[in-house]
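> give me a model of this one.
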Amino acid sequence: MAEDDLTPVKPPPGFPGATPQPAARIAPAGPVVAPADPDRWSTVVPLDYPLLVDGERLDQLTVRALSGIQFMGIIVDAGGDEDALLDLARAAMAGVHPAVVAGLRDDDYLRFVAACRPFLPRQLRDDPDLADVVALADKAMGETGTEA
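Here you go, the predicted model:
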């Protein structure tokens, strides 16, 4: 076999004699984005009937507005089921698993639903199919003096 029949072995990238690889493209740093008025982006719902979640006592839920991209992810996860959409959205707004929301006692649940309402997209806030639940939630908020 002649020497010219052999293909030379090339060292792997990063070793001496290796062919230089193009530098990885680094994305430019994005802007720092934060709410201009953070107090308008969240509210706290104290629980009259605290829960134990994974052994930890839960006395309140902090409801936060979701970003548009977060809400779009929830729409995809819900798969067209409006009830699932609301359940997933409310749980995400509180930063808890949907099972935590499902485990709330009735009065706490209604106050939680009412507290979430101002942070939902307008189309869901104004949904006529939710009018009865909204009325109950608003009544529960008024009876306890909790503000959403």
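> mind listing the strands the longest strand seen in the chain pairs with, and their directions?
When the chain is scanned for its longest strand (criterion: DSSP state E), the result is strand 42-53. Strand 42-53 pairs in its sheet with strand 56-64 (antiparallel), by DSSP bridges.
> remind me which residues of this protein are low pLDDT?
For the chain, residues meeting the criterion pLDDT under 70 lie at 1-24, 128-148.
> what ranges do the helices span in it?
When secondary structure is read from DSSP state H, the chain shows helices at 68-78, 82-94, 98-102, 106-116, 122-125, 131-144.
> return the most buried member of those helices.
helix 106-116 (a mean of 22; mean count of other Cβ atoms under 10 Å). Just so you know, the C-beta spots here come from the backbone N, C-alpha and C atoms, and that holds for glycine as well.
> report the angle between that one and helix 82-94.
Here helix 106-116 points in a direction 80 degrees away from that of helix 82-94 (axes from the mean of the first three to the mean of the last three Cα atoms, to 10 degrees).
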